[in-house]
Structure formats: structure tokens, C-alpha cells
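Asks: coords please:
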Amino acid sequence: MNEARQLDVTVVRGDTGLGIQVDENNVVAANTGSSGLQLGDRVVAVDGKVVPTGTPLGQALAPGANEYVFRVSRDAAAATASLQNLLSQLVEQHGDSEGDELEEVDGKIETVITALEEIGRAEPASKHELLGFWKLCYTNDEDFRRAGESGYGDVPFCSVVSHWQLYAEKEPAAQVVEVVANANLGEHALAAVKGEWEAESADDGLRVEDSFSRCEFGGAPQSFVPSSSEHTVTYLSSQLRVSRMASGAVRIYTATDGGAVQDEIGGLLMSPVRKASEAEELPRWEQWERDRARWDDGPQPSAVP
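Replies: Next up, the predicted model:
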């Protein structure tokens, strides 16, 4: 078991400041200014003075000083938890960002992922840990985000709005379920691809190959050209999974369960999609009021295929 240790790190002020960011617990969340600091380090003292719990780090810094000595607590387990929490916050922020801010958030996400992957190399994932439901919460692959595994997001007026994976030991062992928004019909529909999967350990993580042979849309079988894809699980915990695709693209998944998936699918299938023909007809507030009214009866459950 890794035990927490404390060490002193000198941080020097540069032209743009100290080059670090910390979260509400004074855990280092971003660092471009000091090679001695690691993401996940918790600052517990500055220049020999303890930083009380709940006190923002900025209040512990002497104004105008060019350098400080940070005493940090470095605990692998605590750092991992902090990094996972930070990644979740950045993924949420990503959904609300655009333009230059979006690019900046993408960069921060990549930095945190890289730190988690370092941890993942020390604790390789196993095939058994991959079993269960996983929800896609982030990818830097714009084409996949739009089209999904099923490809139905590439149909005119359509886009994938939610994506889940299921890895199981019984047939069909590999499944992807996606909710597709159709702005032509004004509704959501369910797409699913099913097949098999294999996994083996590799130097950079757990190498996984998904092979899909069947496709359904709206509950009905569809003609489908069998497909396969390979990814490497570079970090895996009971809550979070990071996969690197052969292209280099990254996908982040959060663990979930069948009940939660069914509830979310049911809610989406009951919710309307703004039609493309209506996009310019109503002010946004009127569209929101109209869509909210359609929810009065509440979402209905839907089985996961």
C-alpha cells in the first residue's frame, strides 16, 4: 500500500505568475510552472506555515514574493481520487464551452488523462474489471461524437446524443446502445450494435477489440456490414475508464448500471427533438416552454436491447 509522504517544492513566479492551479482542497489541478509539483499533490504549508483546511492557497501566499516553498502531501490513492474528480469537472465544463475556451479545456483534460495513465501503467487493468455498463462522457473525436458506433448520427438531420457500452460474459458479449436525435421527425430513437469482444494485456494497457455483426434501429433488425475497432484501456477504476483508440483519439467512460441506463433511455425517448423546420420559427424561450410542457406526464421506461 502506498503511504502519503510530504516533501518541499520551490515554486518560482514567472512572467505569467506561478503557473499552477489548485482546486477547493488546494490539490494541484494544473501545473506549467514547477517541474517539482505533480497533479494531485495537496499543498499543506507555504514557507513553513500550515495552510488551514478550507483556506484558499492564495491567502497563504505573501504578496509580491518571487518564490515560495510549498510543502505538499503526495498520496497515490488521494491523488487518484482528486484527479478523477478534476476530470469529471473538466468534462462537465467542456460541455458548456466553445471557441478558445473549449480548446483550453481540451488541453486540461489531456493533461489530467496523461497523469491518470501514469497511474494506470503501475496498476494494469484486467479483463474482468471491464465487465458491465459504461457511458461515454467525453471524446475528442468529433466524427465519432456525432455519428456514434452505429453510424446513425451521420444520417441527415440526425445526431447521437447518448452512448453506452456493455461488456458481458454471455451472448451478445459486446453491445453499444445509442440514442439518436432526429430533427426531421422531432423525436429520439434507439440504435444498437451487438457482437463479441476480446482483451489481452499489452505494454500500454489492456488491448480490446470489439467486433460487431448485428445492428438494430427502433427495435428492428437492420442490414449491417460487420465492423471492428481496437482500443487500449490506459486507465481503469470502478468509476472511470480511459480508452485510447488506434487513431490516437481518446474516449472517457463512466461506470453505470442497467437500471440507470434504462431510466435515461426512457427519458430521452419521451423527450421531443426540436424539428429543423421549427428552428427559426419560435424564440428560444417559447421552444423551451413548449418542450417542457410535453414532459408533464414524465418519462417512460425503456428496456436496453
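
Asks: so what's the residue nearest to residue 157 when sequence neighbours are not counted up against?
Replies: Distances taken as Cβ to Cβ, 6 or more residues apart in numbering put residue 184 closest to residue 157, at 3.9 Å, once the chain neighbours are dropped. The C-beta positions use only the backbone N, C-alpha and C, and glycine is treated the same way. With contact taken as Cβ atoms under 8 Å, 6 or more residues apart in numbering, residue 184 is in contact with 156, 157, 158, 275, 276.

Asks: how about 10 Å then?
Replies: For residue 184, the set of contacting residues under the criterion of Cβ atoms under 10 Å, 6 or more residues apart in numbering consists of 155, 156, 157, 158, 273, 275, 276, 277.

Asks: same question, residue 98
Replies: Each residue near residue 98 by Cβ under 10 Å, 6+ apart is listed here: residue 105.

Asks: What residues does the residue nearest to residue 216 when sequence neighbours are not counted make contact with?
Replies: If the residues on either side of it in the chain are set aside, residue 216 comes closest to residue 192, at 4.7 Å by Cβ to Cβ, 6+ apart. Contacts for residue 192 were tallied using Cβ under 10 Å, 6+ apart; they are 149-150, 164, 166, 172, 175-178, 212, 214-219, 222, 304-305.

Asks: Check residue 207 too.
Replies: 198, 199, 200, 201, 230, 231, 232, 233, 246.

Asks: Can you tell me which of those residues comes closest to residue 87?
Replies: Lowest distance from residue 87 to these (Cβ to Cβ) belongs to residue 233, with 15.3 Å.

Asks: Tell me the helices and strands packed up against the helix or strand hosting the closest one.
Replies: Secondary structure assignment for residue 233, by DSSP states H and E: strand 227-236. For strand 227-236, the packing partners by 3 or more Cβ pairs under 10 Å, 6 or more residues apart in numbering; DSSP states H and E come out as helix 76-95, helix 99-122, strand 187-202, strand 205-217, strand 240-245, strand 250-256.

Asks: run the last query once more with 6 Å
Replies: Where contact means 3 or more Cβ pairs under 6 Å, 6 or more residues apart in numbering; DSSP states H and E, strand 227-236 is packed against helix 99-122, strand 205-217, strand 240-245.

Asks: how much does the first one deviate in direction from helix 76-95?
Replies: For helix 99-122 and helix 76-95, the angle between their directions (axes from the mean of the first three to the mean of the last three Cα atoms, to 10 degrees) works out to 150 degrees.

Asks: so where's the stretch 151-300 of the chain shaky on pLDDT?
Replies: By pLDDT under 70, the low-scoring segments of the stretch 151-300 of the chain are 278-300.

Asks: Can you name the residues in contact with stretch 32-52?
Replies: The set of residues external to stretch 32-52 that reach it, using Cβ atoms under 6 Å, 6 or more residues apart in numbering, is 9, 11, 14, 18-20, 26-28, 31, 57, 60, 68-74, 79, 82-83, 115.

Asks: before we move on, back to that, check the contacts of residue 207 and tell me the two furthest apart.
Replies: So, the contacts of residue 207 by Cβ to Cβ: farthest apart are 201 and 246, at 17.1 Å.

Asks: Using the record's assignment, carve this structure into domains.
Replies: 1-123, 128-293 (automatic domain parsing).

Asks: follow-up on the earlier one: most tightly surrounded among the helices and strands packed on strand 227-236?
Replies: With neighbours defined as mean count of other Cβ atoms under 10 Å, the helices and strands packed on strand 227-236 peak in mean count at strand 240-245, which reaches a mean of 22.

Asks: would you put the C-alpha positions of that one in PDB?
Replies: In PDB, the C-alpha atoms belonging to strand 240-245 read as follows (Å, rounded to 0.1, in the frame of the first residue of the first chain):
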ATOM      1  CA  LEU A 240     -13.900   5.700 -14.700                       C
ATOM      2  CA  ARG A 241     -12.300   4.300 -17.800                       C
ATOM      3  CA  VAL A 242     -10.000   6.000 -20.300                       C
ATOM      4  CA  SER A 243      -9.600   4.300 -23.700                       C
ATOM      5  CA  ARG A 244      -7.100   5.300 -26.500                       C
ATOM      6  CA  MET A 245      -8.200   4.400 -30.000                       C
END
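
Asks: List the strands paired with it, with their directions.
Replies: strand 227-236 (antiparallel), strand 250-256 (antiparallel) (DSSP bridges).

Asks: I'd like the ones you listed as CSV, with distance to residue 265 and mean neighbour count appended.
Replies: Rendered in CSV, the data for those read as follows (distance: least, Cβ to Cβ, whole Å; neighbours: other Cβ atoms under 10 Å):
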stretch, distance to residue 265, mean neighbour count
strand 227-236, 23, 19
strand 250-256, 11, 20
